[in-house]
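Trainee: the following block contains a protein sequence and its predicted model.
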Amino acid sequence: MSYYEQRIPPVRDQRLQLADSFSGCAGELLECQKEGCLMRKSRSFWQTNACQMSLTLMMAATVAGSVIVMHAPGGCGAQLLAINVQSNKGRAQRGQPPAPLNWISTDLSEADVIGGGERKLEAAIAYADREFRPEIIFVVSTCAPNIIGDDVAEVVERAKSTAAAKVVGLHCPGFKSRVVASAYDAFYHGLLRDIPFEPEAWKDYVPLDPSDPRYEMEQAKENYQKAHTVNLWNATSIGYQDEDEIKRLLSALGLNTRIFAEYASLDEFRQISRAALNISMCNVHDDYMLKFLEEKYGMPYYIAGMPIGFSETRRWLGGIAARFGLEKEAARLADHEEKLAAEAIKPYLPALQGKRVLISGGVVRAGTEAAALAELGMEIIGVKAYHYDENAQPIFEELAAKLPAVHVSVSNQAFELTHQIRTLKPDLVVTHSGTHGLVAKLGAPSVQLFSADGAFFGYGGFYQLMRKIHFALGNVNYQERLAGHVRQPYKDWYWSADTYSCIKEES
Amino acid sequence: MTETPFHDKPRTSCALGGALAAISALPDVVPIIHAATGCGGNLMNSVAFGAGYLGSSYCSGASAPTSAVTETEIVFGGAERLREQIASTLKLIEGKLYLVATGCMTEMIGDDAGGAASEFAEAGEPVLAISTPSFKGDCYTGYEILLDGIFNRWLRKAGAADPRLINVFGVVPGYDPFFRGDLEEIERIGARLGLKVNTFFSPTQTFENITAAPEAALNVILSRTRCRGFAERFEEKHGVPWWATDLPVGPEATDAFIRELAAKLGIDGAERVVAAENEWYYRYFERTADSYADGELRFYSVTVTNSNYALPLNKYLYRELGWTPAEIFVTDRLEEARREDLLAGFAELPVKPRFVSGSQEIARSIDQGRPVYRGQRYFDALTPLYIVGSTLEKQMALRRGAKYLAVSFPAYDRAIVAGGYAGYRGGLRLYEDLIGSFMSAKG
Ligand code: SF4
């Protein structure tokens, strides 16, 4: 049975080779993957991070007209407060009214843990349906119900016939994977099983009438439209400005772009199958969904890195253009855009060139931004990827070719980041959101590796990134003052030991 | 009011969340979270954000050690992984006490975290395990479980009793978002009475405040609903009596607090402190009267807070500002006996609290029987209305055209740093915030 037919999605650990602990250079990592040692690596010391459930919530919370039912103990949904602020910002950027995120928790008690929580979940779904009248109810299955053996998928199945809303199961227990990126699959699995992707006659369109003399002309028009429409897949880290920049470039090539799945509504989801190509903007986000769409609707897909920096954007755009016979146009567009952007970036470069940069965060971002900044003359002194899975292999091949001597690690661990900053003393840290406080306390200036509020992609985005770096380097007094007064929790021996001395290989 | 078996946008987290928020404010205490990799991050992020952007400290947030159990441990048991994590934490992290706190999944599979911690404790390491699964309770329970672990299980009495030393408990880090400012004001007032005050969770405190706790003359519990069992066990173990009262907010409540505290300890000087503090307070407060009274800034009040803040806040609004309470919602889950304790405190107030947490339900009960004004000529609307609650009340306040301030968790439309509402200084601060929140519309 294919994954898509199963009620519960696999975690990435089941369907991909992946890793969360490594230190070396890109070539060594690829070697280690081949030999299999990469998957056996772990740590003797761990610090807390996120889980696939929290990332799943970040995506679900953006879907218009949805309500979230957490089947969980009271703590699991705690982050939704913060998530709601972000999703409201995202809504506002897209011209949608802010909406309070409605969510309820089954708040599993000791009695539920012993006796099972299915009845409570049923009641919660019914309450959410009645109380909030949503279009979609996301039922989020966390660690606890998966340990006590609640059949959440069955409850979701049953609720489909009683609820007015579409009921979507999101199965994402944190303990099933240390790799947060499993969340993409969990979210997409719910959508692809429980949300219709096909337009509905009379609701979304009036069927063409074969006896109409214009029938063939209309049909040709429709086919032409479909042949020039693409779906662009965003997810959590990709913000509105980046969507907009890519849309701008694709529309210059004559392509009509629609954006999924964040911030889309039930009505919009039905348009998914009416496009010529599904385009991913990150190797580790969308393969689960795009392969499904290929299998089910015969839609081709495009997954080829991330359009950050001049050469990557050119290559990425060129790859899409090739699918439509537009290679020449794409190359000329890139020439034109690069010229404008290079001109705009130029004043910043003298202050940036030669600066030593440490990059940390999502694997594709970190690798791609490293290459892009190196291209402009910044010195990359380390690339830290939060996780590795085989979808990211092309990124490391690229790094092995472009920055063969640069240290790379697979790490989302605060102590290792701390150690590298203390010992390497980078001029700038480009890092994942949520870590900038830690970096500032070490005295280093930093900019976001990504931000749903910022711009990074294409030409406009790259300009913004360079401008931001220039700005951040302009005054580092805050970090220097702060670092002088903050105590680190690590013992002294660690500073003279190898950063990655806690990584071990299991037999 | 019917109790739903599930929670609409809970204003709490789990026992682990409460314990971690509290540990993050304890000097030199290091958590070791025995759970999956995400639990700690998610829970601490929520407080780092929802408590007025509290952020992270020494070894909290993304720095907090965890056993990061995965499916393998869930199937085969996580005790071995935990032992490895305790050992590596002791090796890498500087601390004076290491607290293993369990999450629900490791409890459900029956890991013996206590046993693992004891092995290290027997070898002389300061390691202690507390059991904080979500199904044992919410963040408030987690705070009490933590206190019980440190003070009633781990601590031994060292020196002789000190008649001038008191301990303060009951203010819950993070979930009482002003905990630091509030505790510091209690410290300041105590110092004016010639007392040493252990509050444990404010930035003035060191690990020595924790170890000195059994020598105190009195445990002051600033909560009618929290820490009862803890205080009783503390008394049993260390012989320190306890006194449960409210967090004093504003001059009248603080006058009473000072007098009662002095009486309990048999010390004098209360009247001198009360007089001096009132003198200070009113030299500031009198000057606000021109804008306050002239602006007719009296309101109907609706408060939505946890049980710790409900009474102090309403007393202040009713007695110090002369507002008219319309509704009082208490949002934390309480046993029947604790509800009774809380209700007793409301005897002098014209309105009794209702125990509701869901913001949907709260909005509905405010609307019930109080339609919004739509241009009728003779219409006794609930205006002017001031809603003092959490950020979850903001949309409702906007909809009703009410003034609004977030003082309760989650408060994420404001930054809270050193501020607090306790005492005299806090009373003025609360005034500034309540009135300042709508003054900002001018200009
Ligand atoms: S790891 Fe499991 S229990 Fe912990 S927050 Fe994530 S889903 Fe909840």
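Mentor: Looks like it came in fine.
Trainee: just the strands in the stretch 101-250 of chain B please.
Mentor: Ranges of strands in the stretch 101-250 of chain B, per DSSP state E, counting those that start in this stretch, are B:127-130, B:165-169, B:196-198, B:218-221, B:242-244.
Trainee: need the longest helix for the chain.
Mentor: Using chain A here. Ranked by residue count under DSSP state H, the longest helix found in chain A is helix A:327-345.
Trainee: think we crossed wires, I meant chain B
Mentor: Longest helix in chain B, counting residues (DSSP H): helix B:270-294.
Trainee: packing partners of that helix?
Mentor: helix B:179-192, helix B:251-265, helix B:423-439 (3 or more Cβ pairs under 8 Å, 6 or more residues apart in numbering or on different chains; DSSP states H and E). For the C-beta atoms, the positions are set from N, CA and C on the backbone; glycine is no exception.
Trainee: in three-state terms, label the closest residue to the ligand within the stretch 351-500 of chain A for me.
Mentor: Scanning the stretch 351-500 of chain A for the residue nearest the ligand gives A:Asn412, at 14.5 Å (criterion: Cβ to the nearest ligand atom). Applying DSSP: H, G, I helix; E, B strand; the rest coil to A:Asn412 yields a three-state assignment of coil.
Trainee: ok, it - how many residues close by?
Mentor: If you count neighbours by other Cβ atoms under 10 Å in any protein chain shown, A:Asn412 ends up with 28.
Trainee: ok, now which ones touch the residue in the stretch 151-300 of chain B positioned nearest to the ligand?
Mentor: Relative to the ligand, the nearest point of the stretch 151-300 of chain B is B:Gly174 (16.8 Å; Cβ to the nearest ligand atom). By Cβ atoms under 8 Å, 6 or more residues apart in numbering or on different chains, B:Gly174 lies in contact with B:18, B:21-22, B:24-25, B:47, B:50-51, B:54, B:139, B:409.
Trainee: can you pull the contacts of the residue lying closest to A:Ala344 once chain neighbours are set aside?
Mentor: Using Cβ to Cβ, 6 or more residues apart in numbering or on different chains and skipping the chain neighbours, the partner closest in space to A:Ala344 is A:Tyr463 (5.1 Å). By Cβ under 8 Å, 6+ apart, the contact list for A:Tyr463 reads A:341, A:344-345.
Trainee: A:Tyr463 belongs to a helix?
Mentor: Yes. Counting by three-state DSSP, A:Tyr463 is part of a helix.
Trainee: pLDDT on stretch B:411-430, on average?
Mentor: When pLDDT is averaged over stretch B:411-430, the result is 97.
Trainee: helix or strand: which one has the residue in the stretch 1-150 of chain B that chain A sits nearest to?
Mentor: The nearest approach of the stretch 1-150 of chain B to chain A comes at B:Gly38, 2.3 Å away (Cβ to the nearest Cβ). Taking DSSP states H and E as the definition, B:Gly38 sits inside helix B:37-50.
Trainee: angles on the backbone of the residue of chain B most remote from its centre, please.
Mentor: Residue farthest from the centre of chain B, counting by Cα atoms, centre = their mean, is B:Arg377 at 44.4 Å. Backbone torsions for B:Arg377, taken as degrees, to the nearest 10, come to phi -70, psi -50.
Trainee: try the one 4 residues further on
Mentor: B:Ala381 has phi and psi values of phi -80, psi 160 when expressed as degrees, to the nearest 10.
Trainee: picking that back up, nearest residue to the residue of the stretch 351-500 of chain A closest to the ligand in space, please, no chain neighbours.
Mentor: For A:Asn412, the spatially nearest residue (Cβ to Cβ, 6+ apart) is A:Tyr386, at 4.2 Å.
Trainee: okay, now the domains of chain B?
Mentor: Split into domains by automatic domain parsing, chain B comes to B:15-154, B:165-281, B:297-412.
Trainee: what's the mean pLDDT across the second one?
Mentor: Right, the one you point to is domain B:165-281. 98.
Trainee: would you mind naming what in the stretch 251-400 of chain B lies close to chain A?
Mentor: Contact residues (Cβ under 8 Å from any Cβ of the partner chain) of the stretch 251-400 of chain B with chain A: B:360, B:391, B:395.
Trainee: return the members of those residues classed as buried.
Mentor: Among these, those that count as buried by neighbour count (16 or more other Cβ atoms under 10 Å in any protein chain shown) are B:360, B:391.
Trainee: please report phi then psi for whatever residue of the stretch 251-400 of chain B ends up closest to the ligand.
Mentor: Here the residue of the stretch 251-400 of chain B nearest the ligand is B:Arg333; by Cβ to the nearest ligand atom that distance is 19.5 Å. Main-chain torsions, B:Arg333, degrees, to the nearest 10: phi -80, psi 130.
Trainee: can you check B:Tyr421 too?
Mentor: Torsion angles, degrees, to the nearest 10, at B:Tyr421: phi -110, psi 0.
Trainee: which ones are touching A:Ile136?
Mentor: Counting by Cβ under 8 Å, 6+ apart, A:Ile136 makes contact with A:63, A:65-67, A:165-168, A:195, A:266.
Trainee: which residues are in contact with stretch B:23-30?
Mentor: Contacts of stretch B:23-30 (Cβ under 8 Å, 6+ apart): A:489, B:31, B:44, B:47, B:56-61, B:65, B:89, B:93-99, B:101, B:146, B:150, B:173-174, B:179-180, B:200-202, B:205-207, B:209-210.
Trainee: that older thread, list the buried ones in the longest helix of chain B?
Mentor: B:270, B:273-274, B:277-278, B:281, B:285, B:292.
Trainee: pretty sure A:Arg178 contacts B:Thr37?
Mentor: Yes. Shown here, A:Arg178 and B:Thr37 form a contact pair, counting by Cβ atoms under 8 Å, at 5.4 Å.
Trainee: against chain B, how distant is the residue of chain A found nearest the ligand?
Mentor: Nearest residue of chain A to the ligand: A:Gly174, at 2.2 Å (Cβ to the nearest ligand atom). Distance of A:Gly174 to chain B, computed by Cβ to the nearest Cβ, to the nearest Å: 4 Å.
Trainee: average pLDDT for whichever helix or strand comes after the helix holding B:Gly38?
Mentor: Using DSSP H and E, the helix or strand that follows helix B:37-50 in sequence is helix B:71-76. What helix B:71-76 shows for mean pLDDT is 94.
Trainee: contact partners of the helix or strand that helix B:71-76 is followed by?
Mentor: Scanning forward in sequence from helix B:71-76 by DSSP H and E, the next helix or strand is helix B:79-92. Residues outside helix B:79-92 that contact it (Cβ under 8 Å, 6+ apart) are A:44-46, A:415, A:490-491, A:494, A:502, B:30, B:32, B:34, B:65-69, B:73, B:98, B:100, B:106, B:111-113, B:115-117, B:119-120, B:125, B:127.
Trainee: ok, now stretch B:153-163?
Mentor: B:97, B:126, B:128, B:196, B:210-217, B:238-240, B:265.
Trainee: recalculate using a threshold of 10 Å.
Mentor: With contact meaning Cβ atoms under 10 Å, 6 or more residues apart in numbering or on different chains, stretch B:153-163 is reached by B:97, B:99, B:121, B:126-130, B:148-149, B:165, B:195-196, B:210-218, B:233-234, B:237-240, B:265-267.
Trainee: need the buried residues of helix B:270-294 in TSV with distance to A:Gln79, can you?
Mentor: Conversion of the buried residues of helix B:270-294 to TSV gives the following (distance: Cβ to Cβ, whole Å):
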residue	distance to A:Gln79
B:Ala270	46
B:Val273	44
B:Val274	45
B:Glu277	41
B:Asn278	44
B:Tyr281	40
B:Phe285	40
B:Tyr292	40
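Trainee: could you redo those as JSON lines and give each row distance to the ligand?
Mentor: Formatted as JSON lines, the buried residues of helix B:270-294 follow (distance: Cβ to the nearest ligand atom, whole Å):
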{"residue": "B:Ala270", "distance to the ligand": "48"}
{"residue": "B:Val273", "distance to the ligand": "47"}
{"residue": "B:Val274", "distance to the ligand": "48"}
{"residue": "B:Glu277", "distance to the ligand": "45"}
{"residue": "B:Asn278", "distance to the ligand": "48"}
{"residue": "B:Tyr281", "distance to the ligand": "45"}
{"residue": "B:Phe285", "distance to the ligand": "46"}
{"residue": "B:Tyr292", "distance to the ligand": "46"}
